[in-house]
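here is a sequence together with a model predicted from it:
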Amino acid sequence: MNIKTSLLALVALIPSLAADAQSTPRKDIYCRDPFIVVDQKKQCYYLVRSATDNVFDIDGNAIGGVEIFTSRDLEMWEGPHKVLDIPADNWITGNVWAPEMHYYKGRYYIFATLNTPLVWKDLNDGRPAYTFRGTQIFRSKSPFGPFEAFDKIPCTPMDQMCLDGTLWVEDGQPYMVYCHEWVEVYDGEMMAVKLKKDLSGPEGSPIRLFCASAAPWASKGEGKVDFVTDGPFLYRTKTGKLLMIWSSFSDSGYTVGIAESVTGKVTGPWKQQEEPLYTKDGGHAMIFRSLDGRLILSLHSPNGGGLERAHFIEIEDMGNTLRVK
């Protein structure tokens, strides 16, 4: 082994060596919107969350980031490892919400919703003011980063409050499915937009898939005056049916429901299933296949109070729907 090869091998070990110094039970890790990446080659999992350290620029503005934990059993986690700091010259640099990490064509991509307290419209009607909010994509050759931006702007429209972008690839065409914020539109919208093949930006105009109030189980919930859309994630069942799990509020609190595409295509039309998947004050869910082959629903619960934790719940693919085992 030559010197160059030795150095590369040492660098590759740095994340795992650093992680060995910290091992934390899942129940002790604060996490909203938990997103899991399964690494079959290394036989481990990555838990992706918003960075919890406070980073600020010279003007005192928050700079958001993303970090990951690693695990082999979904219970004990090593980390966190900081993998992304939002560039200081980005369109906004505020806190990151609901980061997702996707492996696509040999690279890793983070879909991060960025926020800022900068108000661009206030109706003074008791509703939250409109602030800049949108999903931006970052890329890296490694899940440990560093992740770099394609550009300084989001993939969602800059003049709209958008969040929770997720990746879906259909017939070789990548899409971003995301939420148009209820703060702006009253009845939260689920949207989709084509992405360029390298995920560097949107291609064409967004289309609306459905509104939150279409779900029979959805309510205005928790004193809110509007219907919320949160956390879309798409899944193709064993019979080929295209489902989307997404979150809103029901009479029992934060809830995960299921929508199904009538055509089997992301463009829909979409109809809502009568019964939600999960109703125990938990949500912003995603689905992954465990290393031993089980189908797992990942979500956070409860939905507030600083008590949010990642929960992993085994589910069953019924062909036409999903159910908790």
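The structure has been received and is ready for your questions. Because the structure is a prediction, the values reported are computed rather than measured.

what about the strands in the stretch 1-150 of the chain?
With DSSP state E, counting those that start in this stretch, the ranges of strands along the stretch 1-150 of the chain come out as 23-25, 35-39, 44-50, 65-71, 76-85, 96-104, 107-121, 130-140, 148-149.

how close does residue 249 sit to residue 115?
Distance of residue 249 to residue 115, computed by CB to CB, to the nearest Å: 20 Å. Where C-beta positions appear, they are placed from N, C-alpha and C, glycine not excepted.

look at the two and report which has more neighbours.
residue 249 (23 against 19; other CB atoms under 10 Å).

assign that one to helix, strand or coil.
strand (DSSP: H, G, I helix; E, B strand; the rest coil).

how about residue 154, nearest residue that isn't a chain neighbour?
Nearest non-adjacent residue to residue 154, counting by CB to CB, 6 or more residues apart in numbering: residue 134, 3.5 Å away.

hey, what's that neighbour bridged with?
residue 114 (DSSP bridges).

pLDDT wise, what is residue 56 at?
On pLDDT, residue 56 comes in at 78.

grab the nearest non-local neighbour of residue 194.
Closest residue to residue 194 apart from its sequence neighbours, by CB to CB, 6+ apart: residue 203 at 4.4 Å.

check which residues of stretch 205-212 are buried.
The neighbour-count check on stretch 205-212 (16 or more other CB atoms under 10 Å) flags 206, 209-212 as buried.

again with stretch 49-64
Buried, per 16+ other CB under 10 Å, within stretch 49-64: 49-51, 62-64.

which stretch in the strands of the stretch 1-150 of the chain has the least confidence?
strand 107-121 (a mean of 91).

quick one: it to strand 35-39, angle?
On the basis of axes from the mean of the first three to the mean of the last three CA atoms, to 10 degrees, strand 107-121 is oriented at 170 degrees to strand 35-39.

returning to what we had before: check contacts around the residue nearest to residue 194.
Residue 203 is in contact with 193-196, counting by CB atoms under 8 Å, 6 or more residues apart in numbering.

for it, report the pLDDT, please.
97.

quick one: it from residue 176, how far?
10 Å.

what is in contact with those two at once?
Listed as contacting both residue 203 and residue 176 by CB under 8 Å, 6+ apart are 193, 195.

give me the nearest residue to residue 146, chain neighbours excluded.
residue 140 (6.1 Å).

quick one: which of the buried residues of stretch 49-64 is nearest residue 281?
Of all the buried residues of stretch 49-64, residue 281 sits closest to residue 49, with 19.1 Å by CB to CB.

pretty sure that closest one contacts residue 67?
Yes - the pair residue 49 and residue 67 qualifies as a contact (CB atoms under 8 Å) at a distance of 6.3 Å.

now do the shared contacts for these two.
residue 80.

ok, the closest residue to residue 285 other than its chain neighbours - contacts?
Using CB to CB, 6+ apart and skipping residues adjacent in sequence, the residue nearest residue 285 is residue 299, 4.0 Å away. Going by CB under 8 Å, 6+ apart, residue 299 touches 34, 256, 278, 282-286, 310-311, 313.

which SSE is residue 299 in?
Using DSSP states H and E, residue 299 sits in strand 295-301.

that strand pairs with which strands?
By DSSP bridges, strand 295-301 pairs with strand 283-289 (antiparallel), strand 309-317 (antiparallel).

next, the buried residues of the shortest one.
In other words, strand 283-289. For strand 283-289, the neighbour count (16+ other CB under 10 Å) marks 283-288 as buried.

from the residues you listed, which single one is nearest residue 240?
Among these, and counting by CB to CB, the member closest to residue 240 is residue 287, at 16.0 Å.
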